[in-house]
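[1] below is the sequence, then the predicted model.
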Amino acid sequence: MTVAIISTGGTISSISDEGTGATPELEGSYLVDSLPVLDRGPPIETCEFANVPSAYLTIEQMSSLTEVVQEYSRNDDLTGIVVTVGTDVLEEVAYFVDLCYGGPTPDEYRDDCGSRELRA
Ligand SMILES: NC(=O)C[C@H](N)C(=O)O
């Protein structure tokens, strides 16, 4: 069973630049490769959805993100779907996708596989 990680940008995907500050440039696959603890978990498939500060996500992009989540949720080979989003509008994106998703929701929430490291 595989976990899909859909990356959208935010500080977690950013590198520091003295002139422009933090700019999202790192892909989700880089984030996964940066966390060796994830090797202990299920295989991971990454989806580079966007690479923007979260406040730059448009309604259209959030709608597309919902469609991507819906598409992944139809894949029986997946055991989980993770969306990485910047913290500025994290709640708004989660609320939007939750309202528009309409698919099955997890019946179990787990706190393992390096999620503490991811939160850090
Ligand atoms: N911590 C963050 O990710 C903040 C960032 N400005 C964003 O929401 O994209």
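    Thanks, I have it.
[2] how about the nearest residue to the residue of the chain found nearest the ligand, chain neighbours excluded?
    Shortest the chain-to-the ligand distance, computed as CB to the nearest ligand atom: residue-wise this is Gly86, at 2.2 Å. Where you see a C-beta, it was placed from the backbone N, CA and C, and this is true even at glycine. Spatial nearest neighbour of Gly86, excluding adjacent residues (CB to CB, 6 or more residues apart in numbering): Gly10 at 2.5 Å.
[3] roughly how far apart are that neighbour and Thr87?
    Counting by CB to CB, to the nearest Å, the gap between Gly10 and Thr87 amounts to 7 Å.
[4] returning to what we had before: so who does the residue nearest to Gly86 touch?
    By CB atoms under 8 Å, 6 or more residues apart in numbering, the residues touching Gly10 are 24, 53-54, 84-88.
[5] go with 6 Å
    54, 85-86 (CB atoms under 6 Å, 6 or more residues apart in numbering).
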